[in-house]
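A.B. asks: The following block contains a protein sequence and its predicted model.
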Amino acid sequence: MDMRAAIESLAGEAERQLRDEAWVPDAADRVVAAKAAADLHAALGAPHVQETLPVVDRLAHLRESLAVLAIALAHVHGRLAWFFGAAATALTPILHWRALPPEDGVTFGTVQPTLQQYREAEDAIRRLQSALADIGAV
């Protein structure tokens, strides 16, 4: 499953649980979710802006988005922690990407992603940001 599909599935499940009231985030979780949504929005520019950036900057923004998830995960427990953990797991391919050529050195298993993979990851993070905004607004 690609990142976008994994995040879509995760967001869909969260939305179903919220709609069915199987998951009712408490006030503290709503604050963390809303902050994470805002931080993801700040980390990742609009699609038309992101696509004009050099790949090294695009990758930096994607890594910053992963950092947002890790920091948010450190502040919660229960369902929201599971949600953050699953989101971070879905986005782990980003950790294996590099924007720079290897220059005759070891790359530690990293690969250069295609422009389509950048778009897919950015779309996945935007979908995640939307789902977190919804969780924060419950």
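C.D. replies: On my side now, so go ahead.

A.B. asks: next one: the longest helix along the chain to chain centre, how far?
C.D. replies: In the chain, assigned by DSSP state H, the helix with the most residues is helix 115-137. With C-alpha atoms, centre = their mean, to the nearest Å as the basis, helix 115-137 stands 6 Å off its chain's centre.

A.B. asks: Which positions within it qualify as buried?
C.D. replies: Of the residues in helix 115-137, 117-136 count as buried by neighbour count, 16 or more other C-beta atoms under 10 Å. All C-beta spots, glycine's among them, are computed from the backbone N, C-alpha and C.

A.B. asks: Also stretch 22-32?
C.D. replies: 23, 25, 29, 30, 32.

A.B. asks: Helices of the protein, residue ranges please.
C.D. replies: Using DSSP H, the helices of the chain run over 3-19, 27-43, 47-50, 55-73, 78-90, 115-137.

A.B. asks: Would you indicate which residues of the fourth one are buried?
C.D. replies: Put plainly, it is helix 55-73. Counting neighbours by 16+ other C-beta under 10 Å, one finds that the buried residues in helix 55-73 are 58, 59, 61, 62, 65, 66, 68, 69, 72, 73.

A.B. asks: Please report how far the fifth one lies from residue 130.
C.D. replies: This means residue 65. Counting by C-beta to C-beta, to the nearest Å, the gap from residue 65 to residue 130 is 13 Å.

A.B. asks: give me phi/psi at residue 105?
C.D. replies: Main-chain dihedrals, residue 105, degrees, to the nearest 10: phi -120, psi 180.

A.B. asks: Can you report how many residues lie near it?
C.D. replies: Counted with other C-beta atoms under 10 Å, residues neighbouring residue 105 total 7.

A.B. asks: do the same with residue 48
C.D. replies: Neighbour tally, residue 48, other C-beta under 10 Å: 7.

A.B. asks: what does residue 107 give?
C.D. replies: Residue 107: 13 surrounding residues under other C-beta under 10 Å.

A.B. asks: Just the local confidence number for residue 138, please.
C.D. replies: Residue 138 carries a pLDDT value of 84.
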